[in-house]
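Participant: 3D model of this:
(one chain, ligands or ions: 2)
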Amino acid sequence: MDQSKEQRILNSVSYNAVKGDPESVLDCIDNYCSQKEWAMNVGDEKGVILDKVVEEADPTIALEFGTYVGYSAIRIARLLKPNARLLTIEFNPEFASIAREIIEIAGLSEKITIIEGHSQDIIPQLREKYQVDKVDFVFLDHWKERYCPDTILLEECGYLRKGSILLADNIVYPGAPDFIKYIRSHKSFDCTNYPSHLEYMKVEDAMEKAVYMG
Ligand SMILES: Nc1ncnc2c1ncn2CCOCCNC(=O)c1cc(-c2ccc(F)cc2)cc(O)c1O
Ligand SMILES: [Mg+2]
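Facilitator: Ligands and ions are numbered 1, 2, ... in the order given. Now for the predicted structure:
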């Protein structure tokens, strides 16, 4: 059975990255995906925007939708303070298991919990099953048509507090028009757009930051 692209990315990280060094894991994935096979990691250009917003949020509890192979989970978790943690939700079991191995190589397994399932099923369980009260930072990078309903669900479940920061990938490409329409017209969100490019391509893309005003 042929290996998947995601398995080949893991092989490259396992062979080339320095164990316990998150930066070397990120560099390895970016090099592989820009030189060998494109893959849907947030990448190094939008990754700098993600870094800046995570540093601004300085979250104790961070949440991510769409783990994929763990690139953005490592990007986020490497910036977290000692007792902070990241919960990342992935519905594809193969991606989740590859991400677990790549996160282990980065030495960040203690800070990151991968939860397998669909975002809409997991969100209501976060309080009871994962002891989440409020979420300080949310990175939306899963199915683009789930950004809007899941943001509404997070608010309805009471996980957002004054100052909670949402950051959404792929606002231009593939695009999340219903999310943008909703979030920019909602009085409780203060939005900022960050123009950038699709990972590893010259195609235009953007990220959107939305601060919950309570
Ligand atoms: N827990 C959950 N609950 C629900 N759904 C879930 C989930 N976990 C995962 N999923 C499923 C979706 O996960 C991946 C979503 N990401 C993308 O689709 C994506 C696509 C491109 C892209 C593709 C092709 C091009 F030509 C150009 C660009 C670029 C990106 O940066 C992307 O992020
Ligand atoms: Mg993305």
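
Participant: now the residue of the chain at minimum distance from ligand 2. Its backbone dihedrals?
Facilitator: Nearest residue of the chain to ligand 2: residue 169, at 3.7 Å (C-beta to the ion). From N, CA and C alone the C-beta is placed, and that goes for glycine too. Main-chain torsions, residue 169, degrees, to the nearest 10: phi -90, psi 160.

Participant: burial count for it?
Facilitator: Residue 169: 29 surrounding residues under other C-beta atoms under 10 Å.

Participant: indicate whether stretch 87-105 makes contact with ligand 2.
Facilitator: No: using C-beta under 5 Å from the ion, stretch 87-105 never reaches ligand 2; the gap is at least 12.9 Å.

Participant: so is that stretch next to ligand 1?
Facilitator: Yes: counting by C-beta under 6 Å from any ligand atom, ligand 1 has neighbours in stretch 87-105: 89, 90, 91.

Participant: what mean pLDDT does that stretch have?
Facilitator: Throughout stretch 87-105, pLDDT has a mean value of 99.

Participant: and it, how far out from the chain middle?
Facilitator: 12 Å (C-alpha atoms, centre = their mean, to the nearest Å).

Participant: what residues does it touch?
Facilitator: Applying C-beta atoms under 8 Å, 6 or more residues apart in numbering, the external contacts of stretch 87-105 come out as 4, 6-7, 9-10, 13-14, 17, 19, 25, 29, 61-71, 73-74, 77, 109, 112-119, 122, 126, 130, 132, 142.

Participant: now residue 64. Its backbone dihedrals?
Facilitator: Torsion angles, degrees, to the nearest 10, at residue 64: phi -130, psi 140.

Participant: how about residue 85?
Facilitator: Here is the backbone geometry of residue 85 (degrees, to the nearest 10): phi -140, psi 160.

Participant: in space, what's closest to it - neighbours in sequence excluded?
Facilitator: Using C-beta to C-beta, 6 or more residues apart in numbering and skipping residues adjacent in sequence, the residue nearest residue 85 is residue 111, 5.5 Å away.

Participant: swap in residue 153?
Facilitator: Among residues not flanking residue 153 along the chain, residue 123 sits closest, at 5.0 Å (C-beta to C-beta, 6+ apart).

Participant: surely the one you found and residue 154 touch.
Facilitator: Yes: between residue 123 and residue 154 there is a contact under C-beta atoms under 8 Å: 6.2 Å.

Participant: just confirm yes or no for stretch 156-176 near ligand 1.
Facilitator: Yes: Stretch 156-176 is in contact with ligand 1 by C-beta under 6 Å from any ligand atom, via 169, 170, 173, 174.

Participant: need those in TSV with distance to residue 37, can you?
Facilitator: Below are the residues of stretch 156-176 next to ligand 1 laid out as TSV (distance: C-beta to C-beta, whole Å):
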residue	distance to residue 37
169	19
170	19
173	19
174	19
